[in-house]
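Engineer: here's my sequence, what's the structure:
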Amino acid sequence: MTNVVPIVSKLYCCASETVFVVRRRPNVVNGGGFVVSECGSQRVVFRVDGCGVHGTKGELLLRDANADALLLMRRKRGMVEALSIYKNWKGYSLEYEGLQNLVFSLKEPNSCLVKNNGIQISTEPRVDSKKSRDFEISGYFPAKNCSIVDTSGNIVAQVGVKKEVEKLMESKDLYHVVVKPGIDQAFVFGVIAILDYIYGESTRC
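Structural biologist: I've put the predicted structure just below:
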């Protein structure tokens, strides 16, 4: 049986491996961001609105296929972050009543002292309470060759790996993501939205 890892919701945990195509929107269209579709059916599953939608830097929104808000990603700012060795992002699930519940935190190195540690992700509640993190980013996102890896070294999601769309990868506006069975797909694309912003791509104002 597949081990289910719900972070945003078990509704987004599929029992089989799923391949998605990500198509970026220009910043001039609805504030930028990207659209996520299933590779085979081309059915739209998620949409990420760039910070240009609200005019607020460091704030991104993941929506479902019906355009309902699922996840708000927000970067912490202020003097505390300026002095910190990490830049911190928080991912909040959005309830129907408008309530925001913290579901994950992402730490981006902000100092040469931690550059080798890479980007680290922890969930709420923690997947592995014995570790300082639950997931980390391996590889380089701008090259579309990176993975989300758990504390045991298992790849839970991978960017840019399927050869059948390799020709389309020549377009900077199109890439793909493979999500392993049982992994929360909404969480994966929340993380990818932050990576997109960090590296100044479609979600950046």
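Engineer: start and end of stretch 198-205, how far apart?
Structural biologist: Criterion Cα to Cα, to the nearest Å; first-to-last residue distance in stretch 198-205 is 11 Å.
Engineer: ugh, wrong one, I meant stretch 119-136
Structural biologist: End-to-end for stretch 119-136, by Cα to Cα: 6 Å.
Engineer: list the buried ones in that stretch?
Structural biologist: Buried positions in stretch 119-136, judged by neighbour count with 16 or more other Cβ atoms under 10 Å: 119, 120, 121, 122, 123, 124, 127, 133, 134, 135, 136. C-betas here are computed from N, CA, C, even on glycine.
Engineer: tell me the average confidence for it?
Structural biologist: For stretch 119-136, the mean per-residue pLDDT is 84.
Engineer: and for stretch 158-177?
Structural biologist: 70.
Engineer: with stretch 17-29 instead?
Structural biologist: 84.
Engineer: output it in PDB with nothing but the alpha carbons.
Structural biologist: The C-alpha atoms that make up stretch 17-29 are tabulated as PDB, following Å, rounded to 0.1, in the frame of the first residue of the first chain:
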ATOM      1  CA  GLU A  17       2.900   8.400  -9.900                       C
ATOM      2  CA  THR A  18       1.600  11.400 -11.800                       C
ATOM      3  CA  VAL A  19       3.300  13.500 -14.500                       C
ATOM      4  CA  PHE A  20       2.400  17.200 -14.700                       C
ATOM      5  CA  VAL A  21       3.200  19.900 -17.300                       C
ATOM      6  CA  VAL A  22       3.900  23.400 -16.000                       C
ATOM      7  CA  ARG A  23       3.200  26.300 -18.400                       C
ATOM      8  CA  ARG A  24       4.400  29.700 -17.200                       C
ATOM      9  CA  ARG A  25       2.300  32.800 -17.800                       C
ATOM     10  CA  PRO A  26       4.000  36.100 -18.700                       C
ATOM     11  CA  ASN A  27       4.100  38.600 -15.900                       C
ATOM     12  CA  VAL A  28       1.800  40.900 -17.900                       C
ATOM     13  CA  VAL A  29      -1.000  38.200 -17.800                       C
END
